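Trainee: got a sequence here, can you model it:
(2 chains)
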Amino acid sequence: MKGNTKRSYKARVISSERISPSCGVVVFERPEGFPDALPGQFVSVRVSDSTVPLLRRPYSIMDLTGLELALLVKVAGRGSAMLASAGPGEVMDLAGPLGGASFDDPGGDDAVLVAGGTGLAPMIFSARTWKRRGSRGRLYLVHGAASRDESPDSFFEADFDKVFRATMDGSAGFSGDVVALLAKLLDEGRISAPLLYSCGPAGMVRALVERTGDRFKSHHTSLEAVMACGVGACRGCTVPLREGGRIVFKAVCDDGTVFRASDIAWEEWW
Amino acid sequence: MVTEEKKSVFRVGNAAFINPVLLASGPAGYGLEYSGMIRLARLGGVVTKTISLKPRAGNPGVRLRETGSGLLNSVGLENVGAARFFGEKLPAILEAGIRPVVSLAAEDWDDYTQLLDETSCHRDVDVVELNLSCPNVERGGLAVGTDPAKVDSYVKEARSRLPGVALLAKLTPNVQDIASLAAAAEGAGADGITAINTVIGMDIDIGKRRPVFRMVRAGLSGPAILPVALEAVWRAARAVKIPVMGAGGISSVGDAMKFFMAGAAAVQVGTAIFYDPGLPERIAEELERSGLPARI
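Mentor: This next block holds a predicted model:
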């Protein structure tokens, strides 16, 4: 099919740096011919030449410049451990940019960006992309993690106008979940913005919709999902959406990753 | 060289393929989704996602779970339905130079006969794969594919409603004797056999203390099932004279060669394209270079 830009590339690791005990940033040389990407798009990385683990792992793009492609990796299992421990010079097979729907530019409006764990990656890419384009709205980042170990230090602070942190165990920032922190910030008038963007575990996004949905004009979310093909072919990563009174399944990889949060039929999704 | 090219040409009934390496039904969707990653026109063909008469939404809940060198899926034959497939997808597939094999399945007999009639209206379709064996649907699927008498009647019906169209019967490994199913398909007029569909499996979410999949069972694919597939192809190929397409866990050129040695006349690559989209073309190149390995 003409115009199908979802290709596979060989990408060389430039650097791999731990930014917290369980998270790392892996920077690849931007492969030749790799197209420009939009916030919320992702790549799928083959982390092993063997069949263990079997599938490529999807990673949201944290940054893409003329020379580099950066991913934020939390070590959660075998696949992510292999990627996080990749050394400079190592070449990996990587497909992208994947994802058919991305975060729209706030167009000068202020925006709150809520990230759970490595949901931080598309928020950094969003902020950098929008600032590069000259967007003038204020961007508030609210980041939640299980503990200080999963809350990376401040390499991204400069990308936002203000950064708030929550950890479940209280080891850094607000003690509690990120949704409770956002609700508190809104109640206290410390944040006010018409637009909400989010990325994180489904439970976090659902809680955002239920607890703060009426406080924003719009809420777009980049969903996480287990994927196989990453290109909309296999229909394995579907999310149920409410569309005109009925439930339809959309592929997170290709119809998303970004959806209107209010469209998601949470009770149908487990 | 001409002689070697000849070795690679593969036929099922009246349908010809430029080489005996195809993409299996399911993972590759309608093929088009993978057109950036796989040079599809260089392959023997692409077996489409299984098409049903009406669109199918597929199964709710979790649809994928990785296992040890395998993948469980419960997609549930999500597809756009016959009208949209023939109206939109098939023209785009042909336009892209892809050689389609149209996979068909139905929930009941009425749907089945209507689907066959709808298919027969499209002259571009010269080969069909009857999916008699999906484990992920409540009706049709395995209920048909595990019973030689039903395989007989489904294949016979397709034979009579699709004259001139090559018929492949896709069989399940979830039976005691795949040879009798292959023989039933051949006796009913099938031009070829595809073996195997996925192997039934399940997984449990220990934290939630419940099955991972809402349908409980799911279909296992990937390298983990290769030995099961190989044995099934070995037996099926000895039970029939029509060509057998081998499928199930192929994840290297060598794996494909094993299927030819077991008696397959062609191979289908499925799950492997998720992690190695270049594999099907490498298999085709190796066959062109070395010819088909002899059956053992």
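Trainee: which elements pack onto the least confident helix or strand in chain A by mean pLDDT?
Mentor: Ranked by mean pLDDT, DSSP states H and E, the weakest helix or strand in chain A is helix A:78-84, scoring a mean of 91. With contacts defined as 3 or more CB pairs under 8 Å, 6 or more residues apart in numbering or on different chains; DSSP states H and E, helix A:78-84 has these neighbours: strand A:23-29, strand A:57-64, strand A:68-74. Bear in mind the C-beta positions are built from the backbone N, C-alpha and C, glycine included.
Trainee: can you verify B:E186 is assigned to a strand?
Mentor: No: using DSSP: H, G, I helix; E, B strand; the rest coil, the assignment for B:E186 is helix, not a strand.
Trainee: the helix or strand just after the least confident helix or strand of chain A and chain B, are they touching?
Mentor: Moving toward the C-terminus from helix A:78-84, the next helix or strand (DSSP states H and E) is strand A:91-98. Yes: shown here: strand A:91-98 in contact with chain B (CB under 8 Å from any CB of the partner chain) through A:A95.
Trainee: tell me how far strand A:91-98 lies from the chain's centre.
Mentor: 16 Å (CA atoms, centre = their mean, to the nearest Å).
Trainee: quick revisit: among the helices and strands packed on helix A:78-84, which comes closest to chain B?
Mentor: strand A:57-64 (10.1 Å; CB to the nearest CB).
Trainee: name every strand pairing with that closest one and say which way it goes.
Mentor: strand A:42-46 (antiparallel), strand A:68-74 (antiparallel) (DSSP bridges).
Trainee: look up which residues are beta-bridged to A:M92.
Mentor: With DSSP bridges as the rule, A:M92 is bridged to A:A11.
Trainee: quick one: contacts for it?
Mentor: A:10-11, A:13, A:28, A:45-47, A:83, A:86 (CB atoms under 8 Å, 6 or more residues apart in numbering or on different chains).
Trainee: just the element for the residue in the stretch 151-270 of chain A that chain B sits nearest to, please.
Mentor: For the stretch 151-270 of chain A and chain B, the shortest gap (CB to the nearest CB) falls at A:A233, measuring 3.0 Å. If you go by DSSP H and E, A:A233 is not part of any helix or strand.
Trainee: surely it meets B:G36?
Mentor: No: using CB atoms under 8 Å, A:A233 is not in contact with B:G36, being 11.2 Å away.
Trainee: who has more neighbours, these two?
Mentor: A:A233 (26 against 17; other CB atoms under 10 Å in any protein chain shown).
Trainee: what sits against the more buried one?
Mentor: So A:A233 contacts B:27-30, B:33-34, B:49 (CB under 8 Å, 6+ apart).
Trainee: please repeat the previous calculation with a cut-off of 10 Å.
Mentor: By CB atoms under 10 Å, 6 or more residues apart in numbering or on different chains, the contact list for A:A233 reads A:6, A:251, A:253-254, B:23, B:26-34, B:37, B:49, B:273-274.
Trainee: could you dump the strands paired with strand A:57-64 into CSV and include mean neighbour count and mean pLDDT?
Mentor: Listed next are the strands paired with strand A:57-64 as CSV, based on neighbours: other CB atoms under 10 Å in any protein chain shown; pLDDT from 0 to 100:
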stretch, mean neighbour count, mean pLDDT
strand A:42-46, 26, 97
strand A:68-74, 22, 96
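Trainee: can you report phi and psi for B:E231?
Mentor: phi -70, psi -40 (degrees, to the nearest 10).
Trainee: give me phi/psi at A:S262?
Mentor: phi -70, psi -10.
Trainee: tell me how many other residues surround it.
Mentor: Using other CB under 10 Å: A:S262 sits among 13 other residues.
Trainee: what's the answer for A:W130, then?
Mentor: Around A:W130 there are 22 other residues, counting by other CB under 10 Å.
Trainee: distance of it relative to A:L72?
Mentor: Distance of A:W130 to A:L72, computed by CB to CB, to the nearest Å: 18 Å.
Trainee: again, but for B:L77
Mentor: Taking CB to CB, one finds B:L77 at 36 Å from A:L72.
Trainee: does stretch A:237-248 reach chain B?
Mentor: Yes: counting by CB under 10 Å from any CB of the partner chain, chain B has neighbours in stretch A:237-248: A:237-238, A:240, A:246-248.
Trainee: need the longest helix for chain A.
Mentor: Across chain A, the longest stretch assigned as helix under DSSP state H is helix A:120-132.
Trainee: now it: average pLDDT?
Mentor: For helix A:120-132, the mean pLDDT works out to 96.
Trainee: I'd like the next helix or strand past that helix.
Mentor: According to DSSP H and E, the helix or strand after helix A:120-132 is strand A:139-145.
Trainee: so what secondary structure elements neighbour that next one?
Mentor: strand A:111-116, helix A:120-132, strand A:162-167, helix A:178-187, strand A:195-200 (3 or more CB pairs under 10 Å, 6 or more residues apart in numbering or on different chains; DSSP states H and E).
Trainee: can you redo the ones you listed as TSV with distance to chain B?
Mentor: Below are those laid out as TSV (distance: least, CB to the nearest CB, whole Å):
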stretch	distance to chain B
strand A:111-116	18
helix A:120-132	22
strand A:162-167	22
helix A:178-187	21
strand A:195-200	18
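Trainee: just to revisit the earlier point, where does the residue of the stretch 151-270 of chain A closest to chain B fall, phi/psi-wise?
Mentor: phi -90, psi -50.
Trainee: does stretch B:160-174 reach chain A?
Mentor: No: judged by CB under 10 Å from any CB, stretch B:160-174 stays clear of chain A, getting no closer than 17.2 Å.
Trainee: got the buried residues for that stretch?
Mentor: B:161-162, B:165-174 (16 or more other CB atoms under 10 Å in any protein chain shown).
Trainee: same question, stretch B:204-220
Mentor: B:211-213, B:215, B:217-220.
Trainee: likewise stretch A:22-37?
Mentor: For stretch A:22-37, by 16+ other CB under 10 Å, it's A:22-28, A:30-31, A:34, A:37.
Trainee: redo the strands paired with strand A:57-64 as TSV? Include distance to B:G68.
Mentor: Converted to TSV, these look like this (distance: least, CB to CB, whole Å):
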stretch	distance to B:G68
strand A:42-46	18
strand A:68-74	23
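Trainee: residues contacting the residue lying closest to the residue of the stretch 151-270 of chain A closest to chain B once chain neighbours are set aside?
Mentor: Excluding its sequence neighbours, the residue lying closest to A:A233 (CB to CB, 6 or more residues apart in numbering or on different chains) is B:G29, at 3.0 Å. Neighbouring residues of B:G29 by CB under 10 Å, 6+ apart: A:229, A:231-235, A:251, A:254, B:23, B:46, B:48-49, B:78-79, B:89.
Trainee: nearest to A:E210, of the residues you listed?
Mentor: A:A251 (24.6 Å; CB to CB).
Trainee: is that closest one bridged to anything, and to what?
Mentor: Counting by DSSP bridges, the residues bridging with A:A251 are A:T238.
Trainee: can you check B:L64 too?
Mentor: B:N73.
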